[in-house]
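*Asks:* Next comes the sequence, and after it the predicted model I'd like to discuss.
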Amino acid sequence: MQSDLVQNGSVYDIEKELQDFDESKSGVKGLVDAGIIKTPPFFVVLESEVSCQPSPAHFHIPVIDLKGIHEDDVRRREIVEQMCKASETWGFFQVVNHGISKNVMEGMVQGVKGIHKEKNEVKMEYYTRDTKKNVTCTSNSLL
């Protein structure tokens, strides 16, 4: 990543800005709550880095069916391969036949929404880049 660039005639240190953002532990909502009116440059992808090819008018989010994942090693490898491909090409996918009840999923969504409504002090307890933790609250892991 380029560590600094020229913005409005002055040098902008992206790495410092990212570090400050990360250390604030308040995420994007913290920026909004602070009243920012312009997207920070570290969130902006330069036009030269964006594909010029038009996006398809109709697209389908990858759907991965977990049926049979525990019954057959070949099927398990196929599913893992589908997940890898969808992650690499789309960045997300829908999972079906996972066996998780609708109530549990709705509770999880409410929990995620709830943590973002909490005060910064509460969110800071969970803000980490440590992917080994069971519960985290963080921003884009690529930053």
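*Replies:* Ah, there it is.

*Asks:* Residue 18 is in what secondary structure piece?
*Replies:* According to DSSP states H and E, residue 18 maps onto helix 14-24.

*Asks:* counting contacts, what elements does that helix pack onto?
*Replies:* Secondary-structure packing of helix 14-24 (3 or more C-beta pairs under 8 Å, 6 or more residues apart in numbering; DSSP states H and E): strand 4-7. Any C-beta I mention is one placed from the backbone N, CA and C, and that applies to glycine too.

*Asks:* Find out how far stretch 112-128 is from the centre of the chain, if you would.
*Replies:* 16 Å (C-alpha atoms, centre = their mean, to the nearest Å).

*Asks:* in that stretch, what's buried?
*Replies:* For stretch 112-128, the buried set under the neighbour-count rule, 16 or more other C-beta atoms under 10 Å, comprises 123, 127.

*Asks:* As PDB, could you dump the C-alpha coordinates of it?
*Replies:* What follows is stretch 112-128, C-alpha atoms only, in PDB (Å, rounded to 0.1, in the frame of the first residue of the first chain):
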ATOM      1  CA  VAL A 112     -25.100  -7.500  15.500                       C
ATOM      2  CA  LYS A 113     -27.400  -4.500  15.200                       C
ATOM      3  CA  GLY A 114     -27.400  -4.100  18.900                       C
ATOM      4  CA  ILE A 115     -23.600  -3.900  19.300                       C
ATOM      5  CA  HIS A 116     -23.500  -1.100  16.700                       C
ATOM      6  CA  LYS A 117     -26.000   0.900  18.800                       C
ATOM      7  CA  GLU A 118     -23.900   0.600  21.900                       C
ATOM      8  CA  LYS A 119     -21.700   3.300  23.300                       C
ATOM      9  CA  ASN A 120     -18.100   3.300  22.100                       C
ATOM     10  CA  GLU A 121     -16.800   2.100  25.400                       C
ATOM     11  CA  VAL A 122     -18.800  -1.100  25.100                       C
ATOM     12  CA  LYS A 123     -17.800  -1.700  21.500                       C
ATOM     13  CA  MET A 124     -14.100  -1.000  22.300                       C
ATOM     14  CA  GLU A 125     -14.100  -4.100  24.500                       C
ATOM     15  CA  TYR A 126     -14.700  -6.200  21.400                       C
ATOM     16  CA  TYR A 127     -12.700  -4.200  18.800                       C
ATOM     17  CA  THR A 128      -9.800  -6.300  17.700                       C
END
